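1. Need the 3D shape of this:
(one chain, ligands or ions: 1)
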Amino acid sequence: MDTLFVGQKIIQLNEVASTNTYAINLLKDVKVLEGSVIIADKQSNGRGQRGNLWLAEPSMNLTFSCILFPSFLNASNHFYLSKITALALYDALTEIMKDSQHDIKIKWPNDILVNNKKIAGVLIENNFRAAQVQQAVIGIGLNVNQENFGELKATSLKACCTKTFSLKEVLAIVCKHLETWYLKLRNANGYSVVDGAYLNSLYLLNEWEHYAADGQVFKARISGVDDSGKLVVEMENNSLKKFDVKEIVFP
Ligand code: BTN
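-> Residues are numbered from 1 along each chain as shown. This next block holds a predicted model:
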């Protein structure tokens, strides 16, 4: 592992309900090193965004959680953890798939799409102390060698590149980029660098599309994401509206 701390300590489990839940419980019981990774071959209750289940064929994909202590981060800025995780996955996939042409995008808030299909999802669970983020569990599900996704609009590295990948090697590349972006965030100018890179890779930025909210379909275009992580869209009458994850449906 070519890192200073992310992934230097790995807890490998055969089966667990959810690596995020395991990490949260671990933090309650023992002293944990920053950057520790909990990874499982199989999750029986993998948790996704909006209370959904995260389904992944056992031993074919990466399902892991990384523990960080970003106490430099104000609680109001916690969405920066979503941004750096998405950017780390974006850079990792760019590196892994460099030999073939693929369209890699970050779909707000932190899904990763390759050729318009979801390849990775992120679930971040924070523990706040006063106005700071004391502990963060960065849960990542990355489809690696799975080939069938049924009805889901999903893909994997193998489906994209028609070859089998080493889970260990892919994990090391993701950890390396996660550490790089985390350290960038900690630097003085980190926030604007992260903002620029995130917007640069954002799916449907500035493109007029049909969205739905409150049962109404409307035409709008994404103009950015505010500090709290809300999606900012421009409506047809040029007014700006903000949406939370549960409030807007993508085309
Ligand atoms: C999403 O809905 O897109 C987020 C999926 C996050 C899944 C990962 S798998 C490892 C970690 N443990 C969990 O229970 N969930 C996250």
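
2. Residue 137 looks like it's in a strand, true?
-> Yes - assessed with DSSP: H, G, I helix; E, B strand; the rest coil, residue 137 lies in a strand.

3. looking at the sheet around it, what are its partners?
-> Beta bridges link residue 137 to residue 67, residue 125, judged by DSSP bridges.

4. Quick check: closest non-adjacent residue to the residue of the stretch 101-250 of the chain found nearest the ligand.
-> In the stretch 101-250 of the chain, the residue that lies nearest the ligand is residue 121 (2.1 Å; Cβ to the nearest ligand atom). Bear in mind the C-beta positions are built from the backbone N, C-alpha and C, glycine included. Excluding its sequence neighbours, the residue lying closest to residue 121 (Cβ to Cβ, 6 or more residues apart in numbering) is residue 141, at 4.9 Å.

5. Next, the one you found: secondary structure please.
-> Classified using three-state DSSP, residue 141 is strand.

6. And the pLDDT for it?
-> Per-residue pLDDT puts residue 141 at 98.

7. now do residue 105
-> Note for residue 105: predicted pLDDT of 97.

8. so what's the residue nearest to residue 121 bridging to?
-> residue 63, residue 121.

9. can you check residue 133 too?
-> Applying DSSP bridges to residue 133 gives these bridge partners: residue 128.

10. Hmm, it is touching residue 73, no?
-> Yes - contact status for residue 133 versus residue 73: in contact at 4.5 Å, counting by Cβ atoms under 8 Å.

11. Which residues are in contact with each of the two?
-> With contacts taken as Cβ atoms under 8 Å, 6 or more residues apart in numbering, the residues that reach both residue 133 and residue 73 are residue 81.

12. Within range of the ligand, give me the residues from the stretch 51-200 of the chain.
-> 52, 54, 63, 64, 65, 111, 121, 122, 123, 139, 140, 141 (Cβ under 6 Å from any ligand atom).

13. ok, the last one - contacts?
-> Applying Cβ under 8 Å, 6+ apart, one finds that residue 141 lies in contact with 46, 48, 54, 56, 61, 62, 63, 120, 121, 122, 123.

14. In PyMOL, how would I select the buried members of these?
-> Buried members of the contacts of residue 141, defined by 16 or more other Cβ atoms under 10 Å, are picked up in PyMOL with:
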select buried, resi 46+54+56+61+62+63+120+121+122+123
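
15. quick revisit: tell me how far the residue of the stretch 101-250 of the chain closest to the ligand lies from residue 20.
-> Separation of residue 121 from residue 20 (Cβ to Cβ, to the nearest Å) stands at 12 Å.

16. Same check on residue 140?
-> For residue 140, the distance to residue 20 - Cβ to Cβ - is 10 Å.

17. anything in contact with each of these two?
-> Common neighbours of residue 140 and residue 20 (Cβ under 8 Å, 6+ apart) are residue 65.
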